[in-house]
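Novice: Let's see this in three dimensions:
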Amino acid sequence: MSAEQQERLRRAQEALAQAEQAGAGASASPGPEPVAPARPSRRRGRAEDDVPEAVREDDEPDPYAVARQIVLRQLTMAPRSRQQLADKLRQRGCEDEVATAVLDRMEEVGLVDDAAYARMLVHSRRETKGLSARALGYELRRKGVAEHHIEAALEDTTAEDERAQARALAQARLTRLHGLGRDVQTRRLAGFLARKGYGAGVAYGVVREVLDEAAEHQRD
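Specialist: Coordinates of the predicted model:
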């Protein structure tokens, strides 16, 4: 997690605590209670890592506190979509009603934000993996991000951008294929781009241009 993400998480945690404290003073309706300070940790299995020891040892643990701590632990490890967090809570045995209440509260204070998550993932995957818009959309849908957030995160992507990115990927990959026949290079480069989510038209067009410009394929 970057320093900026850590700082955002810290501010959101503080806002969450303040919101819960204000809510407890203004309303007598039942809701999440502050988490008791954790006791010194003991060695335990990985399956228990998301649940604070103080909560686990109580005869009647507060389900909201447990759910909140699971979510916060998940977010300290990596950014998550709301659906990913809901899936984790369900996996840990949290009731759907409790999970919804906790995630709604965390959305209110900005700790859970699918729009920001989608923008972050698009930027990260483009920079590190060179994924196409189609592949990025598929990944975001698989993580449960709503379509309007996906469209907003990808709205600045143009066909020219996609082609330029595919071309850069093909040029970089070609350095590993030096000395192979052109047909072999074509198949491998096209397959490589297809795995990044680029369509056949873009992939083969870019590969043809890159190979035409390669020194090893220049006519004497």
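
Novice: domain ranges for this protein?
Specialist: Domain ranges of the chain: 3-112, 115-154, 159-217, per automatic domain parsing.

Novice: so can I have JSON lines of those showing mean neighbour count and mean pLDDT?
Specialist: The way it works is simple: take the backbone N, C-alpha and C, and place the C-beta from them, glycine included. As requested, the domains of the chain are arranged in JSON lines below (neighbours: other Cβ atoms under 10 Å; pLDDT from 0 to 100):
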{"stretch": "domain 3-112", "mean neighbour count": "15", "mean pLDDT": "70"}
{"stretch": "domain 115-154", "mean neighbour count": "17", "mean pLDDT": "96"}
{"stretch": "domain 159-217", "mean neighbour count": "16", "mean pLDDT": "94"}
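
Novice: Show the residue spans covered by the helices in this protein.
Specialist: Taking DSSP state H, the helices of the chain run over residues 3-26, 53-57, 63-77, 82-91, 96-108, 114-129, 133-142, 147-154, 159-174, 182-195, 200-213.

Novice: Report all helices and strands that the fifth one contacts.
Specialist: Read that as helix 96-108. helix 3-26, helix 63-77, helix 82-91 (3 or more Cβ pairs under 8 Å, 6 or more residues apart in numbering; DSSP states H and E).

Novice: The fourth one too?
Specialist: Counting by 3+ Cβ pairs under 8 Å, 6+ apart, the packing neighbours recorded for helix 82-91 are helix 63-77, helix 96-108.

Novice: now that helix against helix 63-77, angle please.
Specialist: Angle of helix 82-91 versus helix 63-77, following axes from the mean of the first three to the mean of the last three Cα atoms, to 10 degrees, is 130 degrees.

Novice: got the contact list for helix 82-91?
Specialist: By Cβ atoms under 8 Å, 6 or more residues apart in numbering, the residues outside helix 82-91 that reach it are 50, 67, 70-71, 74-75, 80, 96, 98-100, 102-103, 107, 112, 114, 143-145.

Novice: starting at the chain centroid, how far to it?
Specialist: Relative to its chain's centre, helix 82-91 lies at 13 Å (Cα atoms, centre = their mean, to the nearest Å).

Novice: need the contact list for Cys94.
Specialist: 63, 66-67, 70.
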